[in-house]
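Need coordinates for the below:
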Amino acid sequence: MVRESSRHPAAVEAVDGGGGGAVAVAAPTPAAARVPFRWREAALGLIMASPPFAVVLLLIALPAIQAALFTLGIVPGNNVAFSTGMHIISSERPTLEVYRQLLASPFFRADVAITAIVTGWSVVLVLVIGYVLSLYVRFASGWLPNAVRSLYLLPMFIPVVIASYALITFYVQRGELQALLHSVGLGYGEVIYHANGIIIGQVWASIPFAVLMLGSGLDGIPQELIEAAQDVGAGPVRILWRIILPLNLVPALIVATFTFIGVVGSFTIPFLLGPNAPQMMGVAMNAYFVSYQQPQAAAAMAVLTFLACAAAGVIYVWGTSRTGHAAG
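Numbers count the residues shown, from 1 in each chain. Sure, this is the predicted structure:
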């Protein structure tokens, strides 16, 4: 005889074995009883994640949305943050007049041009120098690669302000480098306070992260794969082009993306090492907001900068997703 159970009759028969003996079957927890427990887990997780989400929403997302609406001419009637002497465009409906006037300004176009030039060269030089250092540290042996490994991490522990003033002292006209070159009858033109000075500073600040990221990718490439390519006659250039670069694509995309975003939005290095005009976007935003008393133009520049950085992020996500599908 079988005692009552909440199991399905087939399950009872399977346990009983069909012999008709007395078998006690424990009733399992119904699926409906497990649902409230899952809801409690989900609610607890939501409660634990809500504080950082609320901070991001209140301190970043909502002010960003308000700033974007402000650039479209949506200015609240009770807005007392800006004086009437400022150049404010107010409209009942969203308008692109702020962006039209900004893009029509030759000064803004010059700022965009120097930002694009500095960012492009910085990304290229960081990738090239980072690859050279990471390849040397990865495949060379001896005490010198270990010394290089310690030296390229040095900029991580030096504040950007101090590094900028050090670069000024070294590269400025009549500075340390020019004094050394003058002693051997050589010389060079002005480097600091031009776009070249900003590029030098950005490369200096970005090299440690680039070498660490590229080096970690190189460490993941099996040494047997490189040795097999060498056995069939592949030279260093072919190995680099056909094996190392494709297998190290994701770290390179990360380095390029983060360098692009960091250079476009930087302030300290362009402010200390760059020219007075034209200026990079980070410095120009501050000038438009503080010196020129044009908060809408400064906010519009911030929106355009964000869109450029978001486009770089989309390219990075697209590249990594394609690499993941190819690996799968």
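
least trustworthy helix or strand in this protein by mean pLDDT?
In the chain, the helix or strand scored least confidently by mean pLDDT, DSSP states H and E is helix 9-16, which has a mean of 44.

and after it, which helix or strand comes next?
helix 31-56 (DSSP states H and E).

What are the buried residues along the helix or strand just after that following helix?
Note on helix 31-56: by DSSP H and E, the next helix or strand toward the C-terminus is helix 62-71. The neighbour-count check on helix 62-71 (16 or more other CB atoms under 10 Å) flags 67-68, 70-71 as buried. Glycine gets a C-beta too; all of them are placed from N, C-alpha and C.

so what pLDDT did the residue lying closest to residue 200 once chain neighbours are set aside get?
Leaving aside its chain neighbours, residue 200 sits nearest to residue 167 (6.2 Å; criterion: CB to CB, 6 or more residues apart in numbering). With respect to pLDDT, residue 167 scores 89.

did I read that right, residue 167 in a helix?
Yes - assessed with DSSP: H, G, I helix; E, B strand; the rest coil, residue 167 lies in a helix.

Count the neighbours of it for me.
Residue 167 sits with 20 neighbouring residues when counted by other CB atoms under 10 Å.

Look up how far residue 38 lies from it.
Distance, residue 167 to residue 38, using CB to CB, to the nearest Å: 58 Å.

Excluding covalently adjacent residues, which one is nearest to residue 262?
Closest residue to residue 262 apart from its sequence neighbours, by CB to CB, 6+ apart: residue 206 at 6.6 Å.

Can you tell me the element the one you found falls in?
With DSSP H and E as the criterion, residue 206 is inside helix 195-219.

what about residue 91, neighbour count?
Neighbour count of residue 91, defined by other CB under 10 Å: 13.

Distance of it relative to residue 263?
For residue 91, the distance to residue 263 - CB to CB - is 34 Å.

How confident is the prediction for the residue nearest to the spatial centre of the chain, by pLDDT?
The chain has residue 258 as the residue nearest its centroid, 3.3 Å off, counting by CA atoms, centre = their mean. According to the prediction, residue 258 has pLDDT 92.

Excluding residues flanking it in the chain, which one is nearest it?
Excluding its sequence neighbours, the residue lying closest to residue 258 (CB to CB, 6+ apart) is residue 209, at 6.8 Å.

Tell me, how many residues neighbour the one you found?
18.

Hmm, it is touching residue 254, no?
No - the criterion here is CB atoms under 8 Å, and residue 209 misses it with residue 254 at 9.1 Å.

Quick check, the residue nearest to residue 200 in contact with residue 205.
No - between residue 167 and residue 205 there is no contact under CB under 8 Å: 10.2 Å.

Give me the distance from stretch 160-168 to the chain's centre.
How far stretch 160-168 lies from its chain's middle: 23 Å, per CA atoms, centre = their mean, to the nearest Å.

quick revisit: just give me the closest of the buried residues of helix 62-71 to residue 268.
Using CB to CB, residue 67 comes nearest to residue 268 of those, at 22.3 Å.

neighbours around the closest residue to that closest one other than its chain neighbours, how many?
Ranked by CB to CB, 6+ apart and with sequence neighbours excluded, the top spatial neighbour of residue 67 is residue 299, at 4.7 Å. For residue 299, the tally of surrounding residues (other CB under 10 Å) stands at 22.
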